[in-house]
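Colleague: got a sequence here, can you build the structure:
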Amino acid sequence: MDKDLNTLRRQLVQLQELHASGVLPTTAFEESKAALERQVLERVMAGDSEPDPAEVGTSTPPAARPVPAPVPSSRRLLLGLGVGVLALAAAGYAVMGSPDSWNVGPGAGASLSASDGGAAPGTAAPHATSQEQIAAMVGKLATRMETNPQDAEGWAMLGRSYTVLGRHAEALVAYKKAVDLRQDDGQLLADYADSLAMNNGRQLAGEPMKWVEAALKADPRNLKALSLAGTHAFDQKDFAAAVKYWEQVQQFAPADSSYVQQVQGGLDEARQLGGLPPAAVAAKPATGAPAPGAQALAGAAVSGTVTLSPAMAAKPRPDDTVFIYARAAEGGMRMPLAIQRRQVKDLPITFTLDDSSAMSPATRISGVSSVVVSARVSRSGQATPQPGDVAGQSGTVAVGASGVQVELREEVR
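Modeller: Below you'll find the predicted structure:
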């Protein structure tokens, strides 16, 4: 899991650089950071041990227990959701750590410093955050919120942080302040519902479910809200509704997500207890026929060549970094949908930008119809443009285009 967290750290560094430089708007930054946090949650939950039987009721095998007592799979799902915010916030601190310890240098990608993530096996990870360190960070955040009470994201993080410390009443207050400022954020509303349930003896019935429903109204695909709704339906013995909600989790979550694996146990149990038929197995496409959407996904790329103008040939150094990235041509989003990092000595560079080079799972090139491809030589190796960098860009091109030409010919001043 440490390797996965290191990768997510690097992605967060890139997002923070783009946000600090003004390239990435605050709304897009928050959406992308939330997507990374969901990935962190999946990594942490995937590495969790079995829950304590005292937390989930009983460890007795299903066959030895009376039916309506919940069997382990569904209660494990409920527990996972109940403590999901704990894992998310704790891992969030592990991922974010101290910005001063990050080093993004030339030729290293958005890499970590040698002391961060590069420790020898058996040594303590610098970001293995203790309870005391978390408490200190929470105290600083709470102080900052006193002078910045309109920061919804700050209140949300404070809520997550208090939950990590088991201070659920204080978490609920923080979440309420965040919700008062931002009532159209499905993830925040789902977190608030979860906090309400934690303060209600882990019961979703009543007020918590009102906010789960509000979360689904704001974001019908929110995984946490769908999961909580399914858990509530299961507890009410409405097994058909539980199946409906949890099937949507499987539909919207990445296929290799641990979330999907956890929900599968609950789905199997709900179908069994509700006397429902097993899930239908999707028919395989005929030989030679692509699966639905496969052709569109395969064409969701832009390829071409980046060259250096002869007039600029003397300016860059061979080891200078070359960023090649695609942005949506419409909609005003400045966050790159796909990005590659190369060096001047590789010029002319043949590139392909597709979903595999996405900055964030929330923003992919396959989600737009046209893009503008840009390239920039960076002496510092930083994502933030600096005077003396050399840049160029294409015109608007359709996703799926090949042979796109980008000439590095303008000096950044």
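
Colleague: can you show me the helices along the protein?
Modeller: Here the chain has its helices, by DSSP state H, at 2-20, 26-46, 53-56, 72-82, 84-96, 131-147, 152-164, 168-181, 186-198, 207-218, 223-235, 239-252, 258-273, 294-298.

Colleague: ok, of these, where does mean pLDDT dip lowest?
Modeller: For the helices of the chain, the weakest mean pLDDT is recorded on helix 53-56, namely a mean of 32.

Colleague: so what's Asp151 up against?
Modeller: Taking CB atoms under 8 Å, 6 or more residues apart in numbering as the criterion, Asp151 is in contact with Met145, Leu181. No exception for glycine: its C-beta is placed from N, CA and C like everyone else's.

Colleague: ok, now how distant is it from Arg167?
Modeller: Between Asp151 and Arg167 the distance, using CB to CB, to the nearest Å, works out to 20 Å.

Colleague: count of residues packed around Glu269?
Modeller: Glu269 has 22 neighbours, counted by other CB atoms under 10 Å.

Colleague: ah, wrong one, I meant Val404
Modeller: Residue neighbour count, defined by other CB under 10 Å, stands at 20 for Val404.

Colleague: which non-adjacent residue is nearest it?
Modeller: In this structure, Val404 finds its nearest non-sequential neighbour in Gly304, 3.0 Å apart by CB to CB, 6 or more residues apart in numbering.

Colleague: how about the contacts made by Leu141?
Modeller: So Leu141 contacts Gly154, Met157, Leu158, Ser161 (CB under 8 Å, 6+ apart).

Colleague: partners of the residue nearest to Val404 in the sheet?
Modeller: Phe351, Val404 (DSSP bridges).

Colleague: my read: it touches Gly403, true?
Modeller: Yes. Gly304 is within contact range of Gly403, at 5.7 Å (criterion: CB atoms under 8 Å).

Colleague: more neighbours: these two, which one.
Modeller: Taking neighbours as other CB under 10 Å, Gly304 and Gly403 compare with Gly304 leading, 21 against 9.

Colleague: would you mind measuring from that one to Leu347?
Modeller: 13 Å.

Colleague: and for Val371?
Modeller: 21 Å.

Colleague: quick one, which of the two is more surrounded?
Modeller: Shown here are Val371 and Leu347; by other CB under 10 Å, Val371 has more neighbours (25 against 18).

Colleague: if I look at the more buried one, what pLDDT would I see?
Modeller: As summarised for this prediction, Val371 has a pLDDT of 93.

Colleague: got a list of what it touches?
Modeller: Applying CB under 8 Å, 6+ apart, we find Val371 in contact with Val302, Ala326, Arg327, Ala328, Ala329, Leu337, Leu353, Ile365, Thr396, Val397, Val399.

Colleague: contacting residues around the first one?
Modeller: Looking back up the chat, that one is Val302. Counting by CB under 8 Å, 6+ apart, Val302 touches 326, 338, 352-354, 365, 371, 373, 397, 399-402, 404.

Colleague: which residue, neighbours along the chain excluded, lies closest to it?
Modeller: Excluding the flanking residues, the one nearest Val302 by CB to CB, 6+ apart is Leu353, at 5.0 Å.

Colleague: you'd agree that neighbour is up against Ile365?
Modeller: Yes. With contact defined as CB under 8 Å, Leu353 counts as touching Ile365 (6.2 Å).

Colleague: need the residues touching each of those two.
Modeller: Residues touching both Leu353 and Ile365 by CB under 8 Å, 6+ apart: Ala301, Val302, Ala326, Leu337, Ala338, Val371.

Colleague: now, which of these sits nearest Val377?
Modeller: Of all the shared contacts of Leu353 and Ile365, Ala326 has the smallest distance to Val377: 17.3 Å, by CB to CB.

Colleague: the closest one: neighbouring residues, count only.
Modeller: Ala326: 29 neighbours (other CB under 10 Å).

Colleague: again, but for Arg202
Modeller: By other CB under 10 Å, the residues close to Arg202 number 15.

Colleague: equivalent analysis for Val322, please.
Modeller: If you count neighbours by other CB under 10 Å, Val322 ends up with 23.

Colleague: surely it meets Ser374?
Modeller: No. Between Val322 and Ser374 there is no contact under CB under 8 Å: 11.0 Å.

Colleague: would you mind measuring from the nearest residue to Lys224 once chain neighbours are set aside to Leu337?
Modeller: Distances taken as CB to CB, 6+ apart put Ala190 closest to Lys224, at 4.1 Å, once the chain neighbours are dropped. Going from Ala190 to Leu337 by CB to CB gives 26 Å.

Colleague: coming back round to it: which pLDDT value goes with the residue nearest to Val302?
Modeller: Taking Leu353 on its own, its pLDDT is 94.

Colleague: give me every residue that touches it.
Modeller: 301-303, 324-326, 337-340, 365, 371, 373.

Colleague: what sits against Leu408?
Modeller: Residues in contact with Leu408 (CB under 8 Å, 6+ apart) are 306-309, 312, 322, 347, 375-377, 390-392.

Colleague: neighbours of the residue nearest to Pro149 when sequence neighbours are not counted, just the number please.
Modeller: In this structure, Pro149 finds its nearest non-sequential neighbour in Lys177, 7.3 Å apart by CB to CB, 6+ apart. Neighbourhood size, Lys177 [other CB under 10 Å]: 19.

Colleague: how close does Lys177 sit to Gly395?
Modeller: Counting by CB to CB, the gap from Lys177 to Gly395 is 46 Å.

Colleague: quick one: Ala301 from Leu337, how far?
Modeller: Distance from Ala301 to Leu337, by CB to CB: 11 Å.

Colleague: of the two, who's got more company?
Modeller: Counted by other CB under 10 Å, Ala301 and Leu337 do not tie: Leu337 has more neighbours, with 26 against 21.

Colleague: hmm, Ile365 and the more buried one touching each other?
Modeller: Yes. With contact defined as CB under 8 Å, Leu337 reaches Ile365; the gap is 4.4 Å.
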